[in-house]
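S.K.: When you get a sec, could you give me coordinates for this:
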Amino acid sequence: MELVKQFTCPCRPGFTYKTSSTFNNHKKNKLHQNYENKRKEESINATRYENEINLLNRNYEKILREKIELELKIEQLEDMIATIINR
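M.R.: Residues are numbered from 1 along each chain as shown. The predicted structure follows:
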């Protein structure tokens, strides 16, 4: 059984390049360059979106902690008011 090396590229699904030189030449053509640029742009955008989601989650958690603290303060103040009124 003979092993044959196949050269494929995701920018042209289903197509197999016959030699490494045709594959390397393909990498220099406009179709492949556009594919690479789009892939890089999508990766950058995905990272930006992940960072924004993380920031929003941290802000949400901070707001929840502040809400709990304020609810405790309200409860303490209500207890103080009840104590003063019952005197």
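S.K.: Roughly how far does the one residue sitting closest to the centre of the chain sit from residue 60?
M.R.: Central residue of the chain (CA atoms, centre = their mean): residue 50, 2.8 Å from the mean position. Distance, residue 50 to residue 60, by CB to CB, to the nearest Å: 15 Å. Where you see a C-beta, it was placed from the backbone N, CA and C, and this is true even at glycine.
S.K.: The longest helix along the chain: how far from the chain's middle?
M.R.: The residue-count maximum for a helix in the chain (DSSP state H) belongs to helix 30-85. Helix 30-85 has its C-alpha centroid displaced from the chain centroid by 14 Å (CA atoms, centre = their mean, to the nearest Å).
S.K.: Mean confidence (pLDDT) on that helix, please.
M.R.: What helix 30-85 shows for mean pLDDT is 97.
S.K.: Quick check: which helices or strands does it pack against?
M.R.: The criterion is 3 or more CB pairs under 8 Å, 6 or more residues apart in numbering; DSSP states H and E, and there are no helices or strands that helix 30-85 contacts.
S.K.: Ramachandran coordinates for residue 7?
M.R.: When read as degrees, to the nearest 10, the backbone of residue 7 gives phi -110, psi 120.
S.K.: Tell me how many other residues crowd residue 80.
M.R.: Counted by other CB atoms under 10 Å, the residues lying close to residue 80 total 10.
S.K.: ugh, wrong one, I meant residue 31
M.R.: Applying other CB under 10 Å, we find 12 residues neighbouring residue 31.
S.K.: so who does it touch?
M.R.: By CB atoms under 8 Å, 6 or more residues apart in numbering, the contact set of residue 31 is 11, 12.
S.K.: can you rerun that using 10 Å?
M.R.: The contact partners of residue 31, by CB atoms under 10 Å, 6 or more residues apart in numbering, come to 9, 11, 12.
S.K.: mind checking how far it is from residue 80?
M.R.: To residue 80, residue 31 is 74 Å away according to CB to CB.
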